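**Student:** Next comes the sequence, and after it the predicted model I'd like to discuss.
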Amino acid sequence: MSTLQPTHTGAMVQLGWNAGPRHARVWGLAKSFTKNLSANDRYAADQRAVAALSLMWSFVRTCLPLEIVDAVEDVLDEAGMPRLATRNIEQGKLKEHLLLENIIYSFPLAQRAPPEGYLSQGYAAYVSKT
């Protein structure tokens, strides 16, 4: 009998609202950090992530057909789903900004992303038989 052992390279982080792991279903905000960071560092990292995911949502809203975007928005609204938030960034209007190369970009009319998002860098999940 062989067993499957996953190996993962890179990093993946979940942000926002979720129902918890498969073995312990609990509705709440994901814990995005495994390292002990200062409150300021956690806030700054979450602020960047919320801004980036909300900017991506704005691109989706602009590029996809309106019927698709409206259908997604309707399902989220009917389910009473909140907008993206983290343990460090409260739910609400998108007050965040994006800082790139010491230039602050603000998006005051942007809408926050849906309730859950994932960010990854160099992530791959391989499975090998042993």
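**Tutor:** The structure has been received and is ready for your questions.
**Student:** hey, let's count contacts and neighbours off CA atoms from now on
**Tutor:** Will do.
**Student:** Give the buried residues for stretch 108-120.
**Tutor:** Buried positions in stretch 108-120, judged by neighbour count with 16 or more other CA atoms under 10 Å: 110-117.
**Student:** Just give me how far it sits from the chain centre.
**Tutor:** 6 Å (CA atoms, centre = their mean, to the nearest Å).
**Student:** What distance separates the opening and closing residues of that stretch?
**Tutor:** Stretch 108-120 has an end-to-end distance of 26 Å (criterion: CA to CA, to the nearest Å).
**Student:** Just the element for the residue nearest the centre of the chain, please.
**Tutor:** For the chain, the residue nearest the mean C-alpha position is residue 117 (2.4 Å; CA atoms, centre = their mean). Element membership for residue 117 (DSSP states H and E) is strand 116-129.
**Student:** so what strands line up beside that strand?
**Tutor:** strand 4-18 (antiparallel) (DSSP bridges).
**Student:** Mind naming the longest helix for the protein?
**Tutor:** Longest helix in the chain, counting residues (DSSP state H): helix 39-63.
**Student:** mind checking which helix or strand of the chain has the lowest mean pLDDT?
**Tutor:** strand 97-100 (a mean of 75; mean pLDDT, DSSP states H and E).
**Student:** Sheet-wise, list the partners of that one with their directions.
**Tutor:** Here, using DSSP bridges, strand 97-100 pairs with strand 103-106 (antiparallel).
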